[in-house]
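*Asks:* give me coordinates for this.
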Amino acid sequence: MYFTSCRRLGFLAILFLVVFSNSAHSQHSKSDLIGVTVLGELVSYNDFYPSVGFVFERSFTKRSGMEIGTYYRAERTDIYINVTFEDGNQIFDEFSVRESYLTFPVLYRFYTKAVTLSVGPFVEAFVGWDQISPGTGEVTSYEISPAVSLRPLLKVSKPFSIGKNLSLEPELRFGISARSSQAFYGIGLQFKQQMLSKTE
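*Replies:* Numbers count the residues shown, from 1 in each chain. Below you'll find the predicted structure:
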């Protein structure tokens, strides 16, 4: 069920990009870039979540463009429970579970000479889990509700040329955590390769 939801959301994001880009295809210069991103987000003092993924960017005009991406993130969650045995004795036990998420941002980009501003929604989908510490017993079922969440994201970034058709773009990120509904901030670094640049 989780993977089906992810496929549908990914398809909608790509469809939206294609429709939006085709509307500007015949009248604006465009530039396509593809790259990889490494980033980390701090939700609270102890919750720093690194993730990695792929990004696609298209500029429609000198000032506007769009960015979509797919990111993978894993989080560790500790579970504390009381275990009762058949003889009535109880112990306090701890389990650790690794949660896996896929994130799909769809962002509008506004280019200025100083920085680039990106804003829009991101969809985060819970796609699986595994137990990473044994404890006394074994976790047989684990769910996140809701499994798919929609949250806002704002980024401030600055691209730097590092070679022919290559760029490096550090960024600051601000948003709402899909897991805890708390505000978060983070940092990221994008490496991009220009694929197409022409005027039609």
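
*Asks:* what's the offset of stretch 127-134 from the middle of its chain?
*Replies:* How far stretch 127-134 lies from its chain's middle: 20 Å, per Cα atoms, centre = their mean, to the nearest Å.

*Asks:* now stretch 58-70
*Replies:* On the basis of Cα atoms, centre = their mean, stretch 58-70 sits 17 Å off its chain's mean C-alpha point.

*Asks:* now do the helices in this protein.
*Replies:* Counting by DSSP state H, the segments of the chain that form helices are 2-23.

*Asks:* just the pLDDT at the residue of it positioned farthest from its centre, thanks.
*Replies:* The outermost residue of the chain relative to its centre, with distances by Cα atoms, centre = their mean, is D87 at 47.5 Å. The model reports D87 with a pLDDT of 79.

*Asks:* quick check: I79 touching E99?
*Replies:* No: at 11.3 Å, I79 does not count as touching E99 under the criterion of Cβ atoms under 8 Å. C-beta here means a position set from N, CA and C on the backbone, and glycine is covered the same way.

*Asks:* who has more neighbours out of these two?
*Replies:* Of the pair I79 and E99, E99 is the one with more neighbours under other Cβ atoms under 10 Å, namely 17 against 14.

*Asks:* the nearest residue to that one once chain neighbours are set aside and I132, how far apart?
*Replies:* In space, and not counting its chain neighbours, E99 is closest to E75: 4.7 Å by Cβ to Cβ, 6 or more residues apart in numbering. Using Cβ to Cβ, to the nearest Å, E75 is found at 11 Å from I132.

*Asks:* where do the strands sit along the chain?
*Replies:* Read by DSSP state E, the chain holds these strands, from start to end of the chain: 30-42, 48-59, 64-84, 90-111, 116-133, 148-157, 160-163, 166-176, 183-198.
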